[in-house]
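S.K.: below is the sequence, then the predicted model.
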Amino acid sequence: MLTKTEAMGYSIASKDGLRLTPGMKACASWAAMEEHDKILDMACGSGALLNHLNEKLRLTLCGMCDSADQARAISEQLGGADVIAARMEDIPWRDDTFNVVMLSSAMRGDVRRVLDEALRVLRAGGQFVLASPLFFLRGENEFSRKELMRMMQEAGFRDVSFRTSGLFGAIVGWKAGLIDQK
């Protein structure tokens, strides 16, 4: 039997049966990726989004999760993807490494530091995609879409915009390209 969410088309299953959440679906829909791009999922959870992307394009996939055991399992499942246990505020990759950085779940920790780190590891012209529900009850330490967009602009992202996708949308921002930096 289909769940209400599945019947409405808000969930996508990969070949391995991993389900994309609405936030993951929004990130996958709005990320501007090309073959052989290097992608970072800042909170890869079960690896469902990375697995989905792996089925669509030939990409270099990297992810961050909460535990070393979880990272090892996801890496093995994806044929050697670079998945590590790390905090969002301390991304352990070098500056200018990724074409696209995605965050399909709630931002944890110091939001300004997370945004600074996402910008740091993006290549010039790279894209940051942050899932955001269309409607939500604001909880403690949560920011509205407008506040997140403003914080992204303050962190240095360019052309920050909101795009819809099902029950979720994505806040998309770009790192200045080589032409912009002159």
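M.R.: Happy to help now that I have it. Numbers count the residues shown, from 1 in each chain.
S.K.: tell me where this protein has helices.
M.R.: Listed in chain order, the helices found in the chain under DSSP state H are 4-7, 22-30, 48-56, 68-77, 111-121, 145-155.
S.K.: just want the angle from the third one to helix 22-30.
M.R.: Counting by axes from the mean of the first three to the mean of the last three Cα atoms, to 10 degrees, helix 48-56 lies at 30 degrees to helix 22-30.
S.K.: now swap in the fourth one and tell me
M.R.: With the same axes, to 10 degrees as the criterion, the two stretches helix 68-77 and helix 22-30 enclose an angle of 40 degrees.
S.K.: what's the burial count for Leu61?
M.R.: Number of residues near Leu61 (other Cβ atoms under 10 Å) recorded here: 26. Just so you know, the C-beta spots here come from the backbone N, C-alpha and C atoms, and that holds for glycine as well.
S.K.: to clarify, my last question referred to Ala118.
M.R.: So Ala118, with other Cβ under 10 Å, has 27 neighbours.
S.K.: quick one on the thing from earlier: for Phe168, find the nearest of the helices of the chain.
M.R.: With Cβ to Cβ as the measure, helix 22-30 is the member of the helices of the chain nearest Phe168 (4.1 Å).
S.K.: quick one: that closest one to chain centroid distance?
M.R.: 8 Å (Cα atoms, centre = their mean, to the nearest Å).
S.K.: identify the residues contacting it?
M.R.: 10-12, 20, 48-49, 52-53, 56, 102-105, 129-133, 163, 165-170, 172 (Cβ atoms under 8 Å, 6 or more residues apart in numbering).
S.K.: now do stretch 89-105
M.R.: 21, 23-24, 26-27, 31-34, 37-43, 45, 49, 62, 64, 84, 86, 88, 109-110, 113-114, 117-118, 120-124, 126-131.
S.K.: now do stretch 112-123
M.R.: Contacts for stretch 112-123 (Cβ under 8 Å, 6+ apart): 40, 42, 88-91, 93-99, 101, 103, 107-108, 128, 151-152, 155-157, 175.
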